[in-house]
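# sequence-free structure coming up:
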């Protein structure tokens, strides 16, 4: 009995010794594993830190970037009811494609009215021009009458001068009783007839001059009427061109190649001049606007290479380059820019928009790019 208890005690002591040895061995193994893990963490962390340090020396990155494109609103230039809509939501269109048609009947009538007004204006111009021709003939006739009267006056003056001389000579001879009284009276009558003839021709010249002045005045008025008629013709021509132009605006066409937005216009709907109907996006030219911190711009320059990754396609890198820098920070162009002119000034790092253009527009993924997509950009500064 005592021997059995001694054996059990010895076994228990041996088991305790074995357990202690196993615990010591486990602790030694754990210490070795901890050191190995710590070494690996230090190596990986140091390598990663060195990598990011070197990467930061040659790269500037930001996630604050979006894809941009030319988005042009399709605007109606005239008012009217929509007759037909020839496109659908998100449709690709070419420059010159007809998008929708506005009922043009009112504008056709306006063109006809403008054509009729132009025809009337041209008729008035022809009448005025005919009046000019008549007036010119009257002026020519009046001027000819004045010239004829002046020529007759010159002739009458010569006759009157000769009759005056003959009368003076006969008067002296009659006083000396050299000529008869009949001869004297004949000379006096000749002189008086010459005087009256000269007076008559002078009055006729005055009448001819008045007629000439009247004709010239009427000709001036007629010429003014022609000028007014010509101006009326030009005005009517301009009105006709405007009517035709408005008629052409009833067919709304695409200004460039691109893709349409959602079409919210239906036939029969009334549209107003200047109303934006829907949008067209120029899918042939996309770019990225990245907002970099002002502290990142020191080594950035135009023309530097850029890697662009879109959130929509994280597995694909687009090659691009820096195109230009905004002339001001984004806050400057904001509708309500921040004003730090207070007693508690807090310096806030500003963001500067940078335009980045894609280098390869033929990249197959460019067909999947859409304006407004978020992007991550990496600029190679060295």
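Cool, got the structure. The structure displayed is predicted, hence computed values, not measured ones.

# how about the nearest residue to residue 159, chain neighbours excluded?
Nearest non-adjacent residue to residue 159, counting by CB to CB, 6 or more residues apart in numbering: residue 194, 4.9 Å away. Bear in mind the C-beta positions are built from the backbone N, C-alpha and C, glycine included.

# run a quick neighbour tally on the one you found.
21 (other CB atoms under 10 Å).

# how near is it to residue 116?
Distance, residue 194 to residue 116, using CB to CB, to the nearest Å: 66 Å.

# same deal with residue 244?
The separation that residue 244 has from residue 116, given CB to CB, amounts to 14 Å.

# compare the two and say which is more crowded by neighbours.
More crowded of residue 244 and residue 116, by other CB under 10 Å: residue 244, with 15 against 12.

# ramachandran angles for that one?
phi -70, psi -40 (degrees, to the nearest 10).

# now it, nearest residue through space, not along the chain?
Among residues not flanking residue 244 along the chain, residue 111 sits closest, at 5.8 Å (CB to CB, 6+ apart).

# quick one: that neighbour and residue 239 touch, right?
No - counting by CB atoms under 8 Å, residue 111 stays clear of residue 239, with 9.8 Å between them.

# re earlier: tell me which element the residue nearest to residue 159 is part of?
Counting by DSSP states H and E, the element that carries residue 194 is helix 181-248.

# with residue 289 instead?
Per DSSP H and E: residue 289 is located in strand 276-293.

# so for that strand, what's the average pLDDT?
Taken as a whole, strand 276-293 carries a mean pLDDT of 93.

# next SSE downstream of it?
strand 305-310.

# gap between residue 274 and residue 76?
Applying CB to CB to residue 274 and residue 76 gives a distance of 7 Å.

# out of the two, which sits in the busier spot?
Neighbour totals were compared for residue 274 and residue 76, and residue 76 leads with 20 against 10 (other CB under 10 Å).

# show me what contacts the closest residue to the more buried one other than its chain neighbours?
Excluding the flanking residues, the one nearest residue 76 by CB to CB, 6+ apart is residue 271, at 4.7 Å. The contact partners of residue 271, taken as CB atoms under 8 Å, 6 or more residues apart in numbering, are 76, 79, 80, 81, 82, 102, 265, 277.

# repeat the analysis, applying 10 Å as the threshold.
Listed by CB atoms under 10 Å, 6 or more residues apart in numbering, the contact set of residue 271 reads 75, 76, 78, 79, 80, 81, 82, 100, 102, 252, 265, 277.

# equivalent analysis for residue 269, please.
Taking CB under 10 Å, 6+ apart as the test, what residue 269 contacts is 81, 82, 85, 100, 277.

# show me these that map onto strands.
Taking DSSP state E, the ones among the contacts of residue 269 that sit in strands are 81, 82, 85, 100, 277.

# can I get those in a markdown table including distance to residue 283 and neighbour count?
Listed next are the ones in strands among the contacts of residue 269 as a markdown table, based on distance: CB to CB, whole Å; neighbours: other CB atoms under 10 Å:
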| residue | distance to residue 283 | neighbour count |
| --- | --- | --- |
| 81 | 31 | 13 |
| 82 | 25 | 19 |
| 85 | 21 | 17 |
| 100 | 20 | 23 |
| 277 | 19 | 19 |
